[in-house]
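Novice: what follows is a predicted protein model with its sequence.
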Amino acid sequence: MRPLVRVPLVNGAIAGALGAVLTIVLYYLSGHPFLIPVYLDFRILLFGFFIFFTLKEFRDLHQEGILYFWQGLIISFIFVNVFGAVAGGLLWIFGLIVPAFVSDYIRLQTEILSDLPHEIIDRIGKDVYDRNLELLPATNAFDLASLYFTQSLIIGFFISIILSVILRRQPKI
C-alpha cells in the first residue's frame, strides 16, 4: 500500500480509537460530551496534533522533504474519514451497550431546547424548533455516531487546509 494512503489510515485509526475513548471518558466525567459547543471540542487539538504529525511523517520519511498542497489535503481527507469511521463506530457500539449514553443526551438536549428564550425560538422559526423537539426522542446510537462523524468532517476540513498550507514544501527549481 502506498504511503499516501497507509500513513493516514494507520494514524486515523489510532486517533479514532483515542477520540472514542476520550469521548467516553468525558461522558463519565462531565455530563454529555455531545452538548459541548463545537468550538470547544477536544477534536480540534486532537486533529491538529495528529494531522500535523501525519503530514510531517509522510513529507519527511516518504517524500524526502517534499509535500504538495494536494497531497496534504488527500492525506488529511483520508485521516479525518478514518478517524470519523473508527470513532463513530466505537461510539455507536458504546451507545448500544450503554443505553444511558443516548437517553442522557435526549434528556439533556430536551432540557436545553425547552429553556431557550422566545427570541431565539422566533429567530430559528417555531416550526423548526417544534420539529427538532419532536424528533429528539427518536434519536438512537447510530444518530449520535453520525453526528460525531459529520462534526469530525467539518472540524477536520478547516484544520486540514491550514496544516496543508503550513507544511507544504515544493522542490526548489
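Specialist: Now that the structure is in, tell me what you want to look at.
Novice: center of the protein, which residue is that?
Specialist: Centroid check for the chain by C-alpha atoms, centre = their mean gives residue 152 as the closest residue, at 2.1 Å.
Novice: what's the helix or strand for the residue nearest to residue 42 when sequence neighbours are not counted?
Specialist: The shortest distance from residue 42 to any non-neighbouring residue, by C-beta to C-beta, 6 or more residues apart in numbering, is to residue 22 (5.9 Å). To be clear about C-beta, it is placed using only N, CA and C from the backbone, and glycine gets the same treatment. Assigned by DSSP states H and E, residue 22 belongs to helix 3-29.
Novice: which parts of that helix are buried?
Specialist: By 16 or more other C-beta atoms under 10 Å, the buried positions in helix 3-29 come out as 7-9, 11-13, 15-16, 18-20, 23-24, 27.
Novice: can you name the two of those residues that sit furthest apart?
Specialist: Using C-beta to C-beta, these reach their maximum pairwise distance at 7 and 27, which is 30.5 Å.
Novice: the helix holding residue 22 - what's its average pLDDT?
Specialist: The average pLDDT within helix 3-29 is 96.
Novice: I'd like to know which elements it is packed against.
Specialist: When contacts are defined as 3 or more C-beta pairs under 8 Å, 6 or more residues apart in numbering; DSSP states H and E, helix 3-29 packs onto helix 43-57, helix 69-97.
Novice: follow-up on the earlier one: residue 172: which of the buried residues of helix 3-29 is nearest?
Specialist: Proximity of the buried residues of helix 3-29 to residue 172 (C-beta to C-beta) peaks at residue 7, which lies at 24.1 Å.
Novice: do you know how far the closest one is from residue 152?
Specialist: 19 Å (C-beta to C-beta, to the nearest Å).
Novice: picking up where we left off before, tabulate the helices and strands packed on helix 3-29 in CSV, adding columns for distance to residue 173 and mean neighbour count.
Specialist: As requested, the helices and strands packed on helix 3-29 are exported to CSV (distance: least, C-beta to C-beta, whole Å; neighbours: other C-beta atoms under 10 Å):
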stretch, distance to residue 173, mean neighbour count
helix 43-57, 22, 19
helix 69-97, 17, 20
